[in-house]
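Q: model the structure of this input:
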Amino acid sequence: MTHLDHRKPPGRAARKKPNRSHSAIGAAVVASAAMVAAFAFILTNGNSTPTTDDRLRTEGLPQVTTPSVAPSENPAPSVDASKADRNPNAAKPATPATPNTGPESPTFRRGQWIAVLDTYPADVGMDAGVLAKNLAAKLIAAGVPAKAMLANGQYPGLANSSLEPILATWIVYLGPTSSSAAAIDVCSSPKTQKAYGRQPVCPTYEPATARA
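A: Numbers count the residues shown, from 1 in each chain. Below you'll find the predicted structure:
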């Protein structure tokens, strides 16, 4: 009786082993290529989706805001330099008005008296008129009603001790008043003494009436 050998022939088994080896190698190559492609994609695109830890760290940081400045309701007026140049006198301080020291040759009536504070002869080489007016202006500024006039023989009541008319002389005086005593009172007042700077002599005259 002949026994059948169910084992595969050696030659056929040897031929099938190489087929299984090639299949395994091919699968490994495909898997490796897939891993390389996935790694390259990750390197190229990165991870664009923040993780939960990243979001928590970002939300925990203080938010810096820039304050907005509201526009001014009253903007500063602009200065037009061209208009300012057209009026150069606008920035200059006002010059104080010169006090009125009276006319150079006033008119007096009988019964009007004056008190003389000071005299400045015009023939001694000094600017007598300026000196007299300056003193009168100084007294006026202090509240004393002084005046300055030029006596040149036109007043019969203005005479020297020799009863000669006073000539070419600027006179700073107070008045006129209605009497000699009233003129003396104004001249010798504390206000006049303070403004004048010393005790005045205060001789009195009635310019319109000749002295006897």
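Q: quick one: low-confidence parts of this protein?
A: For the chain, the stretches flagged by pLDDT under 70 are 1-34, 36-96.
Q: what about the helices in it?
A: 10-45, 52-60, 81-86, 128-141, 180-187, 190-196 (DSSP state H).
Q: ok, P121 touching I166?
A: No: between P121 and I166 there is no contact under CB atoms under 8 Å: 9.3 Å. Just so you know, the C-beta spots here come from the backbone N, C-alpha and C atoms, and that holds for glycine as well.
Q: which one of those two has more residues nearby?
A: Using other CB atoms under 10 Å as the criterion, P121 and I166 rank with I166 on top: 20 against 13.
Q: gap between the more buried one and W113?
A: Distance, I166 to W113, by CB to CB, to the nearest Å: 16 Å.
Q: ends of stretch 198-212, what's the gap?
A: 31 Å (CA to CA, to the nearest Å).
Q: now for K194, how many residues are close by?
A: For K194, using other CB under 10 Å, the count is 12.
Q: ok, Y196 - contacts?
A: 117, 139, 144 (CB atoms under 8 Å, 6 or more residues apart in numbering).
Q: ok, now M126?
A: Going by CB under 8 Å, 6+ apart, the list of residues near M126 reads Y120.
Q: residues near the residue nearest to R110 when sequence neighbours are not counted, how many?
A: Distances taken as CB to CB, 6 or more residues apart in numbering place A208 nearest to R110, at 4.9 Å, with adjacent residues excluded. Counted with other CB under 10 Å, residues neighbouring A208 total 17.
Q: pretty sure K194 sits against G143.
A: No: under the criterion of CB under 8 Å, K194 is not in contact with G143, lying 9.7 Å apart.
Q: let's have the contacts of Y196 in TSV, adding distance to G129 and neighbour count.
A: Formatted as TSV, those follow (distance: CB to CB, whole Å; neighbours: other CB atoms under 10 Å):
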residue	distance to G129	neighbour count
L117	16	25
L139	16	24
V144	20	20
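Q: reformat these as a markdown table; add distance to A183.
A: Listed next are the contacts of Y196 as a markdown table, based on distance: CB to CB, whole Å:
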| residue | distance to A183 |
| --- | --- |
| L117 | 11 |
| L139 | 15 |
| V144 | 13 |
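Q: wait, isn't Y120 in contact with T169?
A: Yes: contact criterion CB under 8 Å: Y120 and T169 qualify, at 6.8 Å.
Q: returning to what we had before: from the contacts of Y196, which is closest to P203?
A: Distances from P203 to the contacts of Y196, taken as CB to CB, are shortest for L117 (9.6 Å).
Q: spatially nearest residue to that closest one (excluding sequence neighbours)?
A: Nearest residue to L117 in three dimensions, chain neighbours excluded: V172, at 4.7 Å (CB to CB, 6+ apart).
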